[in-house]
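**Student:** Okay, here's the prediction I keep looking at, along with the sequence it came from:
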Amino acid sequence: MVEEIVKLVPEFKDYQDFTVFDINDNEEKRFLLGVFGRFMKERVENCPDTDPVIQRVYKFLNEQFNDPRIDKEARDLLIIDIFENLSPYEKGMEVSRKLLTGKALEAFNVTAEYF
């Protein structure tokens, strides 16, 4: 999944913490998802929701949650690493509730209840 995100969001490679981890190391890939969550939190806080990166990522999230072929483990990682980074912040809540749809929005709202 990390490789897919890097292809989708090449801007992520320029993020300060990206270079700390080895994308080819399976253990470190897991940490990179958390770093990506922080990247998205900062992007959402500092850019309009029309920002192309924000639009691409939310489209990806909607596809991941609304496609029945995507496994639960992958969805759980997205909840932990992205939704949990966005939900504690007012703008993260606002943008997520505006751009997420279907099961992605449901999962985000459940996550947001804890923050």
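**Tutor:** Happy to help now that I have it.
**Student:** Export whichever helix or strand Asn62 is part of to CSV, keeping only CA atoms.
**Tutor:** Of the helices and strands defined by DSSP states H and E, Asn62 is found in helix 52-66. Listed next in CSV are the C-alpha coordinates belonging to helix 52-66 (Å, rounded to 0.1, in the frame of the first residue of the first chain):
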residue,chain,number,x,y,z
PRO,A,52,-4.9,18.4,-5.9
VAL,A,53,-3.0,16.3,-3.4
ILE,A,54,-5.9,16.4,-0.9
GLN,A,55,-8.3,15.5,-3.7
ARG,A,56,-6.2,12.5,-4.9
VAL,A,57,-5.8,11.1,-1.4
TYR,A,58,-9.5,11.4,-0.5
LYS,A,59,-10.4,9.8,-3.8
PHE,A,60,-8.0,6.9,-2.9
LEU,A,61,-9.5,6.6,0.6
ASN,A,62,-13.0,6.4,-0.8
GLU,A,63,-11.9,3.7,-3.3
GLN,A,64,-10.2,1.7,-0.6
PHE,A,65,-13.2,1.7,1.8
ASN,A,66,-15.9,1.3,-0.8
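**Student:** What average pLDDT does that helix get?
**Tutor:** The pLDDT scores in helix 52-66 average 97.
**Student:** Give me the helices and strands touching that helix, please.
**Tutor:** Counting contacts by 3 or more Cβ pairs under 8 Å, 6 or more residues apart in numbering; DSSP states H and E, helix 52-66 packs against helix 2-8, helix 26-46, helix 72-78, helix 90-99, helix 102-112. Heads up, the C-betas are built off the backbone N, CA and C, glycines and all.
**Student:** Would you convert the ones you listed into a markdown table that also reports distance to Gln16 and mean neighbour count?
**Tutor:** Conversion of those to a markdown table gives the following (distance: least, Cβ to Cβ, whole Å; neighbours: other Cβ atoms under 10 Å):
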| stretch | distance to Gln16 | mean neighbour count |
| --- | --- | --- |
| helix 2-8 | 15 | 14 |
| helix 26-46 | 9 | 17 |
| helix 72-78 | 22 | 14 |
| helix 90-99 | 19 | 16 |
| helix 102-112 | 25 | 17 |
